[in-house]
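Engineer: fold the following for me, if possible:
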Amino acid sequence: MSKIEWNPRKKAHIDFLHVLIAELHNEIFQESFEIIQSPGEEELYARRKELRIKIELYKKYSRRLKILQL
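Structural biologist: Numbers count the residues shown, from 1 in each chain. The predicted structure is shown next:
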């Protein structure tokens, strides 16, 4: 039996991170598609900044999940 199976708090945290990462992945994909499709330059800077933040969060949560699964 692994540590995750007998530690319900850790298992719940790992499950939460899986859901969070999946949601971020979907948001990143949708936002990048909208950036490509948008013809205007005015709001492009704000969208790209928001997209960079989401990508950084995705990386951060992925690293945290890898550490927890060890």
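Engineer: what about the longest helix in this structure?
Structural biologist: Identified as the longest helix of the chain according to DSSP state H is helix 8-37.
Engineer: what number of residues lie near the closest residue to His18 other than its chain neighbours?
Structural biologist: Of all residues not flanking His18 in the chain, Leu65 sits nearest, at 7.2 Å (CB to CB, 6 or more residues apart in numbering). C-beta coordinates here come from the backbone N, C-alpha and C atoms, glycine included. Using other CB atoms under 10 Å, Leu65 has 16 other residues around it.
Engineer: next: Tyr61.
Structural biologist: 16.
Engineer: I'd say Gln69 and Asp15 touch.
Structural biologist: No - with contact defined as CB atoms under 8 Å, Gln69 and Asp15 do not form a contacting pair (11.5 Å).
Engineer: now Tyr45: how far from Ile36?
Structural biologist: To Ile36, Tyr45 is 15 Å away according to CB to CB, to the nearest Å.
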